[in-house]
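Chemist: Sequence first, then the predicted structure:
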Amino acid sequence: MKLAVFVSDYRNTVETLERLKPEKLGIILVGNGVYHATVKEKGNASPLLEKSADFYALSEDLETRGLSSSHVNSKVKVVNYGDVVDLLFNNYEKTAWL
Amino acid sequence: MATTKLGFIVQRPPYKSENPKLALTHAIASQSVEIYLKDGDLVTADVAFVGDGVLNCLKNQKAMDIYALSSTESHLKNCLLLDLNVYVCKEDLGKLGLSENDIVMDAEEFGADMKVNVVPFDEISKMMEGMNHLLFF
Amino acid sequence: MGKLTIGCFSSLVGSMNLDFAVKLSAAALEKGHTVDLWVSGNATMLSIKDQRAFKDYSSLEKPLKELMGKGLTVTACEACAEARGYHKDNTMEGFKRHSMDWYLASAFDADRVLHIGGE
């Protein structure tokens, strides 16, 4: 299964995400989920970024929150809405909004 | 003739949020979807309760008596009556100190043949693999 | 080109999930895809016409009408709307209302489904 998971929260760690083991996993950070790409609590990147996945963060939601590409962890690719559409249709078969 | 399989994954406990109930009412709507489809085409709905979502399955819910609201339990029984596959995560039940004795396992009083499947999360993962689309509630 | 079905269950005011759903719909339409947007639960608030636009609250009537003009199909869960006192005569022009099976029928031939649950 090629699964794109949308993470839209920061604090509410989603247990389900930890348990999903698709053949290909994409994590698309949107809304407050984009903080996973930028915040370094006690100097550490978000544990979410340790997962084996391709990471994306929505540029519009970064900018809305006063963040830019320069704040984003190098594991995370910054994408726009059009890119998200392409990811859904070209790279993944199913989606989950957690 | 084609069939589209939808997996409804319920992760939240009932009542505070409307979401778990909407998961079940939308899953039940798979029984009337044919009016929009060509003859022979089907949409099936499988329902899985994971994480805190397993709390939806507790029996003896009194929402109707107290709040005059249909209970999540009654919707779950309707799912069984309508022959939907219902899965409950075994590990999550255990984590919350619950067992099969605490949850709805059948709807025999409605005449339903289907029973709830209490299964390890791995089996729910396999179910998800087999679906065309996933809907997380 | 494909078909994207988006289901959103979050409130218009108090959550930005509908803003996301509408912007994603716009991007998908722009790329030539077909888009169905289903709103259920608190998201049926999106269907009400003539909501006053304040800068402090999400307001999507204008972009939604533009997208409907470009082919977006938007449908509200009729029961969810009626339960909230959102009646047909108060519904935005072009906004459809159906029972929940409409969403499943839309998912039937969708290439991708993005289901955005409520809070």
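Modeler: Nice, thanks for sending it over. Numbers count the residues shown, from 1 in each chain, chains lettered A, B, ... in the order given.
Chemist: residues contacting B:K59?
Modeler: Taking C-beta atoms under 8 Å, 6 or more residues apart in numbering or on different chains, we find B:K59 in contact with B:E73, B:D102, B:I103, B:V104. Heads up, the C-betas are built off the backbone N, CA and C, glycines and all.
Chemist: Can the strand or helix carrying A:A37 be said to contact chain C?
Modeler: Here A:A37 sits within helix A:35-38, counting by DSSP states H and E. No - against chain C, helix A:35-38 shows no contacts by C-beta under 8 Å from any C-beta of the partner chain, the least distance being 14.3 Å.
Chemist: Which residues does the helix or strand following that helix contact?
Modeler: Once the chain leaves helix A:35-38, the next helix or strand it forms, by DSSP H and E, is strand A:54-58. Strand A:54-58 is contacted from outside by A:24-30, A:33-34, A:36-38, A:49, A:72-73, A:75-81, A:83-84, A:87, A:91, using C-beta under 8 Å, 6+ apart.
Chemist: need the residues of chain A near chain B, please.
Modeler: For chain A, the residues in contact with chain B (C-beta under 8 Å from any C-beta) are A:1, A:3, A:14-16, A:19-21, A:94-98.
Chemist: Going along the chain, name the helices of chain B.
Modeler: Along chain B, counting by DSSP state H, helices occupy B:19-28, B:63-67, B:72-81, B:90-95, B:121-129.
Chemist: Just put the ones you listed in CSV and tack on distance to chain A.
Modeler: Listed next are the helices of chain B as CSV, based on distance: least, C-beta to the nearest C-beta, whole Å:
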stretch, distance to chain A
helix B:19-28, 11
helix B:63-67, 25
helix B:72-81, 19
helix B:90-95, 9
helix B:121-129, 5
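Chemist: rewinding a little: can you redo the residues of chain A next to chain B as TSV, where the extra columns are pLDDT and secondary structure?
Modeler: Formatted as TSV, the residues of chain A next to chain B follow (pLDDT from 0 to 100; DSSP: H, G, I helix; E, B strand; the rest coil):
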residue	pLDDT	secondary structure
A:M1	96	coil
A:L3	98	strand
A:V14	68	coil
A:E15	75	helix
A:T16	82	helix
A:R19	91	helix
A:L20	92	coil
A:K21	91	coil
A:K94	98	strand
A:T95	98	strand
A:A96	97	strand
A:W97	96	strand
A:L98	91	coil
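Chemist: for stretch A:50-70, the distance to its chain's centre please.
Modeler: Computed by C-alpha atoms, centre = their mean, to the nearest Å, the chain-centroid distance of stretch A:50-70 equals 7 Å.
Chemist: what comes up buried for that stretch?
Modeler: A:K51, A:A53, A:D54, A:F55, A:Y56, A:A57, A:L58, A:S59, A:E60, A:D61, A:L62, A:L67 (16 or more other C-beta atoms under 10 Å in any protein chain shown).
Chemist: Which residue comes closest to the last one once chain neighbours are left out?
Modeler: Closest residue to A:L67 in three dimensions, ignoring its sequence neighbours and counting by C-beta to C-beta, 6 or more residues apart in numbering or on different chains: A:T38, at 5.2 Å.
Chemist: per-residue confidence at the residue in chain C that chain A sits nearest to?
Modeler: Residue nearest to chain A within chain C: C:A27 (3.7 Å; C-beta to the nearest C-beta). For C:A27, the pLDDT comes out at 98.
Chemist: That one: what's it in contact with?
Modeler: Contacts for C:A27 (C-beta under 8 Å, 6+ apart) come out as A:N80, A:Y81, A:G82, A:V84, A:V85.
Chemist: out of the residues you listed, which are buried?
Modeler: For those, a neighbour count by 16+ other C-beta under 10 Å gives the buried set as A:Y81, A:V84, A:V85.
Chemist: I figured A:N73 hits A:T38, correct?
Modeler: Yes - taking contacts as C-beta atoms under 8 Å, A:N73 lies within contact range of A:T38: 7.1 Å.
Chemist: and stretch A:85-93, what's its mean pLDDT?
Modeler: The model assigns stretch A:85-93 a mean pLDDT of 98.
Chemist: still on that earlier bit, the residue nearest to A:L67 and A:V72 touch, don't they?
Modeler: Yes - contact criterion C-beta under 8 Å: A:T38 and A:V72 qualify, at 5.9 Å.
Chemist: Compare these two and say which is more crowded by neighbours.
Modeler: A:T38 (22 against 19; other C-beta atoms under 10 Å in any protein chain shown).
Chemist: can you tell me how far the more buried one sits from C:S15?
Modeler: Separation of A:T38 from C:S15 (C-beta to C-beta, to the nearest Å): 22 Å.
Chemist: where in chain B is pLDDT low?
Modeler: For chain B, no stretch has pLDDT under 70.
Chemist: Now, the contacts of strand A:54-58 that are in helices?
Modeler: A:H36, A:A37, A:T38, A:Y81, A:D83, A:V84.
Chemist: need the residues of chain C near chain B, please.
Modeler: Residues of chain C lying close to chain B (C-beta under 8 Å from any C-beta) are C:7, C:9, C:40-42, C:80, C:99-105, C:107-110, C:112-113, C:115, C:117-119.
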